[in-house]
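Undergrad: coords below, sequence missing:
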């Protein structure tokens, strides 16, 4: 559960990110926009739509959506589009422009007054899907996680702890005034088994009560999102935040889908995935295509897949092993990066996404 103060801070951060998305590199601004043949003449904005959803309706390359508003005098801020508004494409100087064909009138009736009211504007990306990941989840170095102090127990012999409970921990290093109680969710590895980090979840906050007991700390649990448990760790580091997000396509970056928060086997639109590409290669706002590649095929009298137990590779370099091409099945937008991995949300998927799928330029 996300606390109210975290929600307020999170929404403020997200609005700042959304505003920054309008500032695209010059190379993208100059890119030509091609409207889909299947694009409708008009589109009525629906509840739970996002700008990305609408861009997908009109464009094959939805990351170019800001250009649709570049010369529009009606839609001063494309982030102020509401459910019920009617949008249409118009050609201006040979280039397509998305404009507001009709704004839905919204009335709020009260005794003696009639007020025009607006619903909440639509977001760029689905807020509900990524909000829990921004402030509540982190991937940290495995060695750094292993040395974090554990919650051991309390005077009542409880195995779970909530707000105002006093809990004992072994001391480690210099005590801080404030900690996060975090819980390990999974060890993140790449497809070769190399550890990329430990995924942790923010369970509660904790404040130092006593640091003068030899070899021990006494902390008070507060701000619980979940019940803390024995073995949960005390983390004094800061969770990474998203200060800015600039939508841009990946170029030479390449990696693979290596996991997700809930350990699902198959994923689709609006699911969050973990890729084995870190913050030195991608930034929040990077758009990547998702590609799936089938197993090699052994071309013989009875064709077999190379991963079948009975398949035998030819001893000759005669082209009998057929490598399948990587086929595009969707797209992701990176929204949070770490040292060796990143979170991305699936914004489009024509097939289910799975671990091992390739991510590269869209």
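TA: Alright, I've got the coordinates. Because the structure is predicted, anything quoted here is derived from the model rather than measured.
Undergrad: Please make it C-alpha for all contacts and neighbour counts, starting now.
TA: Will do.
Undergrad: how long is stretch 259-272 end to end?
TA: 9 Å (Cα to Cα, to the nearest Å).
Undergrad: Show me which residues of that stretch are buried.
TA: 259, 260, 261, 267, 268, 269, 270, 271, 272 (16 or more other Cα atoms under 10 Å).
Undergrad: Identify the residues contacting the fifth one.
TA: What it means is residue 268. 346, 348, 349, 351, 352, 353 (Cα atoms under 8 Å, 6 or more residues apart in numbering).
Undergrad: Tell me both backbone torsions, phi and psi, for the fifth one.
TA: Reported as degrees, to the nearest 10, the phi and psi values for residue 352 are phi -70, psi 140.
Undergrad: Run a quick neighbour tally on it.
TA: 13 (other Cα atoms under 10 Å).
Undergrad: Same question for the one 10 residues further on.
TA: The number of residues packed near residue 362 is 18, by other Cα under 10 Å.
Undergrad: how about the residue lying closest to it once chain neighbours are set aside, what does it touch?
TA: Distances taken as Cα to Cα, 6 or more residues apart in numbering put residue 289 closest to residue 362, at 3.9 Å, once the chain neighbours are dropped. Taking Cα under 8 Å, 6+ apart as the criterion, residue 289 is in contact with 328, 329, 330, 331, 332, 359, 360, 361, 362.
Undergrad: same check, this time on residue 55
TA: Shown in contact with residue 55 (Cα under 8 Å, 6+ apart): 61, 62, 63, 65.
Undergrad: So what does the second one have for phi and psi?
TA: Yep, that's residue 62 we're talking about. phi -70, psi -20.
Undergrad: Quick check: it vs residue 90, distance?
TA: 17 Å.
Undergrad: of those two, who's got more company?
TA: Between residue 62 and residue 90, counting by other Cα under 10 Å, residue 62 is the more crowded of the two (20 against 16).
Undergrad: what about this structure, any weak spots by pLDDT?
TA: 1-32, 69-80, 102-119, 243-244, 309-319 (pLDDT under 70).
Undergrad: Can you check which strand is longest in it?
TA: strand 195-210 (DSSP state E).
Undergrad: Can you list the strands that the helix or strand that contains residue 343 pairs with?
TA: According to DSSP states H and E, residue 343 maps onto strand 342-349. When pairing is defined by DSSP bridges, strand 342-349 lines up against strand 272-275 (antiparallel), strand 326-337 (antiparallel).
Undergrad: next helix or strand past the shortest one?
TA: Past strand 272-275, further along toward the C-terminus, the next helix or strand under DSSP H and E is strand 286-293.
Undergrad: can you give me how far that following strand is from the chain middle?
TA: Taking Cα atoms, centre = their mean, to the nearest Å, one finds strand 286-293 lying 14 Å from the centre of the chain it belongs to.
Undergrad: Could you confirm residue 144 falls within a strand?
TA: No - using DSSP: H, G, I helix; E, B strand; the rest coil, the secondary structure at residue 144 is helix, not a strand.
Undergrad: Any figure for the gap between residue 60 and residue 166?
TA: Between residue 60 and residue 166 the computed distance is 56 Å (Cα to Cα).
Undergrad: before we move on, what about residue 245?
TA: In terms of Cα to Cα, residue 245 sits 40 Å off from residue 166.
Undergrad: same deal with residue 298?
TA: Counting by Cα to Cα, the gap from residue 298 to residue 166 is 63 Å.
Undergrad: Same check on residue 55?
TA: 51 Å.
Undergrad: One more: residue 47?
TA: Distance from residue 47 to residue 166, counting by Cα to Cα: 45 Å.
Undergrad: More neighbours: those two, which one.
TA: Neighbours per residue, other Cα under 10 Å: of residue 47 and residue 166, the larger number sits with residue 166, 20 against 13.
Undergrad: Max pairwise distance over the contacts of residue 289: which two?
TA: Maximum pairwise distance in those, criterion Cα to Cα, is 12.6 Å, between 329 and 361.
Undergrad: Which strand or helix spans the residue lying closest to residue 65 once chain neighbours are set aside?
TA: What sits nearest to residue 65 in space, not counting adjacent residues and going by Cα to Cα, 6+ apart, is residue 55, at 5.6 Å. Element membership of residue 55, judged by DSSP H and E, is helix 51-58.
Undergrad: For that helix, buried residues please.
TA: Using 16+ other Cα under 10 Å as the test for burial, helix 51-58 gives 51, 52, 53, 54, 55, 56, 57, 58.
Undergrad: likewise stretch 233-247?
TA: Buried residues in stretch 233-247 (16+ other Cα under 10 Å): 233, 234, 235, 236, 242, 244, 245, 246, 247.
Undergrad: swap in stretch 38-50?
TA: Buried-residue list, stretch 38-50, by 16+ other Cα under 10 Å: 39, 43, 44, 45, 49, 50.
Undergrad: Check the offset of stretch 35-47 from the chain's centre.
TA: 26 Å.
Undergrad: which one of the contacts of residue 55 has the most neighbours?
TA: Of the contacts of residue 55, with other Cα under 10 Å as the count, residue 63 tops at 23 neighbours.
Undergrad: and residue 197, how many neighbours?
TA: 23.
Undergrad: Can I take it that residue 67 is in a helix?
TA: Yes - assigned with three-state DSSP, residue 67 falls within a helix.
Undergrad: pretty sure residue 128 is in a helix, no?
TA: Yes - assessed by three-state DSSP, residue 128 belongs to a helix.
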